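> Quick one, fold the following:
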Amino acid sequence: MAERPESATAGDPPSEALLRGVAAGCAATAEALRGARAVPGPEALEEMVADFVAVRGRPSGTGLDTDAKASHRLLECRSDLLTTAASALTVQAAVAVAIGGRRDSAGLPAEQFWYAEPPTTRLLALRLTGNLTLRSVLFQNAVRTALGLGAARLVAGALELSHGFWVLLAVLTLGRTTAGATWSTVRSAAVGTLLGALAAGVLIFEAGGTVNVYAVILVPTMFVAFSVGPIAGPAWAQGLFTLVVSAAFSQLAPATWRLAETRLLDVLAGCAIGLVCGVLAWPAGARPEVRRSVAELLRAVGPLVQVTVVAAVCASGTSGDPRPRDGAAEEALRLTRHRLRIAEGAYAQYRTEGGRYPVDGGPDWHLALNCATHAEIGSHWLPRQAYGPAPPDAVRWARESVGQLATAMDQAAAFPPGGVRVRPTPLPPEVVSATPAPVLPALVDIDSWLQTLAAELTAIGGSGPDGPPTVRGGGTDPAAARDATARTGR
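Next up is the predicted model:
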């Protein structure tokens, strides 16, 4: 990009230098991931970013800022480049933590890599407590499995089944996260077990007490069962496994064809218990949960965006200073992070359940997660780029613009037919001209961030084919939306 004549960064020395530094940092990180070199730290790129931030509000001196419009466009390009550099820094720091053993994120937003310093026990405790809610699909799966195993143990004990652990094993291996998937699985497993029991009965009837026969066929049968079974489906898996257990148990004690009958009855009992638990405990799986969790996530993102913009336009001090968050900002970030993890878990399970994306013109759940992620990342970086408090007109614009976006977030959480359309008020020229040069880059960052979030929010869509309602003060501009969407790396 730095070498292309038509590139906006070509001819701007600070942009060219940072862009080449980003490329070098990405290349070094890629080599580290391939094992070709030691894991680099983000310090070199951090220094380049700090130098760029110190001069990005100044004229380029190359003719790129001969008029106000060109100067503003240059600031926008530098803002996009700074976003790219922040992404590269995030990659380098993440690799340093993941495979380099680094336990801090000096120079980077501490909240972004909050998990680097705490010990493993603390992280495990946070993960457990974070999922102790009925809205967590992990908690739902744990409850469903526990109920199924408890019922299987009760049935096996009450009926005094000779191989009752097969009932528990069937519940454990055949249960699925939706009632429909469980029914499909147990139906195939029952057919496979029936055929496997018939084959095992014939084997035991013909071989009788000849232990050598079972010893010879055990290993190849196990090999086929454990290699083909998981690929071919539950029918093959259960049928072949029935042969395996018959061959194994026949070597331990004299067996009759009733061993296969016992296996069949136990598996059928386990299938029935698993199906009942699937019907009674969250039968729809993650489908309703992903909608509910994404709605709660969008409602949490609105306040986070608002407090972030207020912190950025009202900040004092020099760029990059770590400023303590107030209570409202801390709570907004904590709530967004928690609901983002819950929504990510629900979406991951939803995709494994065969859900299509988007469904019949329905919401784009993955884009909603991306929108929330970009809002969270912006809350880490934007307050760090502020050079001082903005003038009153700029503060008024920022509050109005972010208020429009927050309103759209709340409306989008209801997933109205067709979704919502919003375009926050762009940075007015009169505000640009009245804003001191050192403060202006922070306003451009805020404007670009809000426009990107608005474009993503519009693209999420809704629950029906109707046209999206327009949020007050927004309006629509397809070209601007496409341009903002192209910058979703922030």
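> residue closest to the middle of this protein?
residue 344 (4.2 Å; Cα atoms, centre = their mean).
> Now that one: phi and psi?
When read as degrees, to the nearest 10, the backbone of residue 344 gives phi -60, psi -40.
> Could you check how far it is from residue 109?
Distance check for residue 344 against residue 109: by Cβ to Cβ, to the nearest Å, it reads 20 Å. Backbone N, C-alpha and C define where each C-beta goes, glycine included.
> mind listing the helices for the stretch 1-150 of the chain?
Assigned by DSSP state H, counting those that start in this stretch, the helices in the stretch 1-150 of the chain fall at 13-33, 43-55, 68-98, 120-130, 137-158.
> Could you identify which of those is most buried?
Of all the helices of the stretch 1-150 of the chain, helix 68-98 carries the top mean neighbour count, a mean of 20, counting by mean count of other Cβ atoms under 10 Å.
> and the angle from that one to helix 13-33?
If you take axes from the mean of the first three to the mean of the last three Cα atoms, to 10 degrees, helix 68-98 sits at 20 degrees to helix 13-33.
> for helix 68-98, packing partners?
helix 13-33, helix 43-55, helix 365-381, helix 429-434, helix 440-460 (3 or more Cβ pairs under 8 Å, 6 or more residues apart in numbering; DSSP states H and E).
> Distance to residue 413 added to the ones you listed, as JSON lines?
Shown next, in JSON lines, are the helices and strands packed on helix 68-98 (distance: least, Cβ to Cβ, whole Å):
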{"stretch": "helix 13-33", "distance to residue 413": "35"}
{"stretch": "helix 43-55", "distance to residue 413": "35"}
{"stretch": "helix 365-381", "distance to residue 413": "9"}
{"stretch": "helix 429-434", "distance to residue 413": "30"}
{"stretch": "helix 440-460", "distance to residue 413": "10"}
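> can you list these in JSON lines and add mean pLDDT?
Shown next, in JSON lines, are the helices and strands packed on helix 68-98 (pLDDT from 0 to 100):
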{"stretch": "helix 13-33", "mean pLDDT": "92"}
{"stretch": "helix 43-55", "mean pLDDT": "89"}
{"stretch": "helix 365-381", "mean pLDDT": "94"}
{"stretch": "helix 429-434", "mean pLDDT": "89"}
{"stretch": "helix 440-460", "mean pLDDT": "93"}
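> and residue 337, what does it touch?
Residue 337 makes contact with residue 376 under the criterion Cβ atoms under 8 Å, 6 or more residues apart in numbering.
> picking up where we left off before, right, and the helices and strands packed on helix 68-98 - which one's nearest residue 403?
helix 440-460 (10.5 Å; Cβ to Cβ).
> and the end-to-end length of stretch 96-114?
The first and last residues of stretch 96-114 sit 14 Å apart, counting by Cα to Cα, to the nearest Å.
> just to revisit the earlier point, right, and the helices of the stretch 1-150 of the chain - which one's nearest residue 284?
Per Cβ to Cβ, nearest to residue 284 of those: helix 137-158, 10.5 Å.
> could you give the angle of the closest one to helix 120-130?
Using the same axes, to 10 degrees: helix 137-158 against helix 120-130 is 80 degrees.
> How far off centre is helix 137-158?
The chain centre lies 28 Å from the centre of helix 137-158; the measure is Cα atoms, centre = their mean, to the nearest Å.
> what helices or strands is that helix leaning on?
helix 165-174, helix 258-280, helix 327-352.
> Show me what counts as buried in the last one.
Of all the residues in helix 327-352, those buried under the rule 16 or more other Cβ atoms under 10 Å are 329, 332-333, 335-347, 349-350.
> So, low pLDDT: which residues of the stretch 51-200 of the chain?
For the stretch 51-200 of the chain, applying pLDDT under 70 flags the ranges 60-68.
> Quick one: end-to-end distance for stretch 115-135.
Span of stretch 115-135 from end to end, Cα to Cα: 23 Å.
> which non-adjacent residue is nearest residue 416?
residue 462 (5.0 Å; Cβ to Cβ, 6 or more residues apart in numbering).
> show me what contacts the one you found?
362-363, 412, 415-420, 468.
> Cross those residues against helices and list the overlap.
Using DSSP state H, the members of the contacts of residue 462 that fall in helices are residue 412.
> ChimeraX command to pick out the buried ones of the contacts of residue 462?
Applying 16+ other Cβ under 10 Å to the contacts of residue 462, the buried members can be selected in ChimeraX as follows:
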select :362,363,412,415,416,418,419,420,468
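> helices or strands up against whichever strand or helix holds residue 406?
Using DSSP states H and E, residue 406 falls within helix 392-412. Counting contacts by 3+ Cβ pairs under 8 Å, 6+ apart, helix 392-412 packs against helix 287-313, helix 429-434, helix 440-460.
> follow-up on the earlier one: and the contacts of residue 462 as a markdown table, adding distance to residue 34?
What follows is these, written out as a markdown table (distance: Cβ to Cβ, whole Å):
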| residue | distance to residue 34 |
| --- | --- |
| 362 | 40 |
| 363 | 38 |
| 412 | 41 |
| 415 | 43 |
| 416 | 47 |
| 417 | 48 |
| 418 | 46 |
| 419 | 41 |
| 420 | 43 |
| 468 | 44 |
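> Please name the nearest non-neighbouring residue to residue 266.
Residue 266 sits nearest to residue 166 (Cβ to Cβ, 6+ apart), 3.7 Å away.
> so how many other residues sit close to that neighbour?
Residue 166 has 24 neighbouring residues, counting by other Cβ atoms under 10 Å.
> wait, doesn't it sit right on residue 268?
No - judged on Cβ atoms under 8 Å, residue 166 makes no contact with residue 268 at a distance of 10.1 Å.
> shared neighbours, those two?
By Cβ under 8 Å, 6+ apart, no residue touches both residue 166 and residue 268.
> low-confidence ranges in the stretch 201-350 of the chain?
Ranges of the stretch 201-350 of the chain meeting pLDDT under 70: 255, 257, 315-325.
> just to revisit the earlier point, report the separation between the residue nearest to residue 266 and residue 260.
The gap separating residue 166 from residue 260 is 12 Å, by Cβ to Cβ.
> so who does residue 140 touch?
Counting by Cβ under 8 Å, 6+ apart, residue 140 has contacts 134, 177, 281-282, 289.
> do the same with residue 382
308-309, 311-312, 442, 445-446, 449.
> closest to residue 21 among those residues?
Checking the contacts of residue 382 against residue 21 by Cβ to Cβ gives residue 445 as the nearest, at 19.3 Å.
> With respect to residue 393, which of the helices of the stretch 1-150 of the chain lies nearest?
helix 68-98 (16.0 Å).
> got the angle for the closest one vs helix 365-381?
Using the same axes, to 10 degrees: helix 68-98 against helix 365-381 is 100 degrees.
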